[in-house]
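# Sequence plus predicted model, see below.
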Amino acid sequence: MATAQTKVRRARAASPAGGPGPTPAATPAISDLRAFMAVADLRSYAAASKILHLSQPALSRRISKLEERLGVRLVDRTTRSVELTALGEHFLRRISNAIDDLDRSVLELRDSASLETGVVTIGCVFSAVHHFLPTVIRQYHALYPRIGVQIIEQGADGVLASVKQGGADFGLNYVGMQEPGLEFTPLLKERFVLVCRTDHPLAARRTVRWEELVELEHVRVSPASRNRIYIEQALEDLPPLPRPICEVRHVSTLIGLVEAGLGVAVVPHLAVPRHSALVVAIPLEQPRAVGTIGILQRKGRTLSPAATTFAQLLLDSVKKEQAAQQPRPKKR
């Protein structure tokens, strides 16, 4: 442990010519640093005081206070000139970039708060990307063209991890894919449907029974997919399906195989292309696999203005879509 004499020697070594060291505590105030930078740039107290809207005595006091806190002389001032000391020149180089970075950060923060610029990052399960996001992204870009939107397409477990670790502002995920530190806002219940090609014998059917799947060649998602768990839960009391032609990990790949004519598939209805000329989605009769999809975010964390606005547009879009699907009362 250093003795009192050692501490004194260290303090003297840190000060110019063995003079008094810096005053304890005190990190210099930003206003004092800006005053010093103005004087250093203009080499004039009079010119700097005008730029800073200070009187010359007030500016002099700021420079003196800064020198006192640092324990060094930064400026040599005569009646005719203002020059920086060697330590002053060194200090100016060290703080200029830091102050510039601070100014940029403040401007960026203000722009983000006013939705002038920024980025919103959303984790999204594969099945919901095409259903939810295109319309909302289009609306959002029209309102806030300088804000970027990043979509992280993942499985349910990946979306959970992205939100939990802060890689995404919020996520679109299934109910149950959450933890105590996260909160879930439901958007809608998702049913599973049978997808087949438009030239398949079942394409004109209005519904299909679960029992009929036993007789169909099919492709399905692998056990690594969360959708597989939901489907198996719905089918646990029914005869097992035969071995599939192929198993894949992602629902989007599954639909591609159906389009190629490799059979039918059970998928979330949100994953089915809305205006496909190649495949159709047929509702399944009871028992029906149902999951709830919604917005997942960290509990107690305030979303950025950009993310908050995007989430609200998403909620409004879902409510509008659900209202449009409600049957209209018959006219008397």
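Received the coordinates, thanks.

# How about the secondary structure of the residue of the chain most remote from its centre?
Distance from the C-alpha centroid of the chain, by Cα atoms, centre = their mean, peaks at residue 79 (56.1 Å). The three-state label given to residue 79 by DSSP: H, G, I helix; E, B strand; the rest coil is coil.

# give me the low-pLDDT residue ranges for the stretch 201-332 of the chain?
Applying pLDDT under 70 to the stretch 201-332 of the chain picks out residues 234-235, 286-290, 325-332.

# same deal with the stretch 1-150 of the chain?
Low-confidence segments of the stretch 1-150 of the chain, defined by pLDDT under 70: 1-26, 107-108, 111-115.

# Run the chain-centre distance for the strand ranked longest in the chain.
In the chain, ranked by residue count with DSSP state E as the criterion, the top strand is strand 182-197. From the chain centre to the centre of strand 182-197 is a distance of 23 Å (Cα atoms, centre = their mean, to the nearest Å).

# gap between the residue farthest from the centre of the chain and residue 45?
11 Å (Cβ to Cβ, to the nearest Å). To be clear about C-beta, it is placed using only N, CA and C from the backbone, and glycine gets the same treatment.

# do the same with residue 250
For residue 250, the distance to residue 45 equals 68 Å [Cβ to Cβ].

# Could you pull up the contacting residues of the nearest residue to residue 32 once chain neighbours are set aside?
Nearest residue to residue 32, sequence neighbours excluded (Cβ to Cβ, 6 or more residues apart in numbering): residue 66, at 4.3 Å. Residue 66 is in contact with 28, 32-33, 35-36, 74, counting by Cβ atoms under 8 Å, 6 or more residues apart in numbering.

# that older thread, tabulate the CA atom coordinates of the longest strand of the chain in PDB.
Output of strand 182-197 as PDB, limited to C-alpha atoms (Å, rounded to 0.1, in the frame of the first residue of the first chain):
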ATOM      1  CA  LEU A 182     -40.200 -11.100 -21.300                       C
ATOM      2  CA  GLU A 183     -43.800 -10.000 -22.000                       C
ATOM      3  CA  PHE A 184     -46.200 -11.100 -24.800                       C
ATOM      4  CA  THR A 185     -48.900  -9.100 -26.500                       C
ATOM      5  CA  PRO A 186     -51.200 -11.400 -28.600                       C
ATOM      6  CA  LEU A 187     -52.000 -10.400 -32.100                       C
ATOM      7  CA  LEU A 188     -54.100 -13.300 -33.500                       C
ATOM      8  CA  LYS A 189     -54.700 -17.000 -33.300                       C
ATOM      9  CA  GLU A 190     -53.000 -19.000 -36.000                       C
ATOM     10  CA  ARG A 191     -54.600 -22.100 -37.500                       C
ATOM     11  CA  PHE A 192     -52.900 -24.800 -39.400                       C
ATOM     12  CA  VAL A 193     -54.000 -25.600 -42.900                       C
ATOM     13  CA  LEU A 194     -53.400 -28.200 -45.600                       C
ATOM     14  CA  VAL A 195     -51.400 -26.800 -48.500                       C
ATOM     15  CA  CYS A 196     -51.600 -28.500 -51.900                       C
ATOM     16  CA  ARG A 197     -51.000 -27.600 -55.600                       C
END
